[in-house]
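J.: Sequence isn't available, so here's the structure alone:
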Ligand code: GLN
């Protein structure tokens, strides 16, 4: 399985490592020609306006949209999630606009810029996922084809639409490979995703939570 990590700006190396640990051939993608022969692409976290400007400059918007239509699986983490979204609340910044979600940037408030929390993700089983949030967005609302995979205090933080996956948090900053494995499985299965009913069980924000001031902002 050959998976690229879009390397405009942001947390690229950590995703490459995680993909390699999942047994993938992981490559950095800096030019549109490098999208060829990929099964999947990760758009990392960072600063979505900066990544978006660079993507536009390098011609990535039409190229990735075309590749997605041809079946490329794409996983956006944090800023990557913002770049996938059709609508970004109060912003007209450049984006791919291919996932039927409305996102809100920096949405957890100033007191909660960075934190980590044990997140219940039913599809990964009983064991919660230690999720790292850094100036994270969340999905405010999602279209009918979007499967909500995890919520936090009623806010959607992990979702899938067909071959698109988006998380508000950074799984590449932990040793837990389960979300990367899920993405890789999504690519290999050629499965287009079940459309689940909305309303994934969520856990209240106050449970099992720790502030994580040592994590830098992005
Ligand atoms: N706050 C950033 C943005 O809006 C996203 C932060 C991240 O990717 N960790 O683009």
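T.: On my side now, so go ahead. On a predicted model such as this, the values are computed, not experimentally measured, just so you know.

J.: low pLDDT regions in this structure?
T.: The model of the chain has pLDDT under 70 over residues 111, 190-218.

J.: That one: helices as residue ranges?
T.: The residue ranges that make up the helices of the chain, judged by DSSP state H, are 12-21, 48-57, 60-69, 79-84, 178-189.

J.: In CSV: the ones you listed, plus mean neighbour count and distance to residue 155.
T.: (Glycine included, C-beta is placed from N, CA and C.) Shown next, in CSV, are the helices of the chain (neighbours: other CB atoms under 10 Å; distance: least, CB to CB, whole Å):
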stretch, mean neighbour count, distance to residue 155
helix 12-21, 20, 23
helix 48-57, 19, 18
helix 60-69, 17, 25
helix 79-84, 28, 12
helix 178-189, 19, 18
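
J.: residues contacting residue 22?
T.: For residue 22, the residues meeting the contact criterion (CB atoms under 8 Å, 6 or more residues apart in numbering) are 177, 180-181, 184.

J.: hmm, back to that, TSV for the helices of the chain, including distance to residue 140?
T.: Output for these, formatted as TSV (distance: least, CB to CB, whole Å):
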stretch	distance to residue 140
helix 12-21	25
helix 48-57	15
helix 60-69	22
helix 79-84	12
helix 178-189	21
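
J.: Could I get those helices in JSON lines, plus columns for distance to the ligand?
T.: Converted to JSON lines, the helices of the chain look like this (distance: least, CB to the nearest ligand atom, whole Å):
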{"stretch": "helix 12-21", "distance to the ligand": "12"}
{"stretch": "helix 48-57", "distance to the ligand": "3"}
{"stretch": "helix 60-69", "distance to the ligand": "16"}
{"stretch": "helix 79-84", "distance to the ligand": "4"}
{"stretch": "helix 178-189", "distance to the ligand": "15"}
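
J.: Give me the distance between the two termini of stretch 42-62.
T.: This stretch, stretch 42-62, spans 16 Å end to end (CA to CA, to the nearest Å).

J.: ok now that stretch, how far from the chain's centre?
T.: 14 Å (CA atoms, centre = their mean, to the nearest Å).

J.: Sweet, I'm off.
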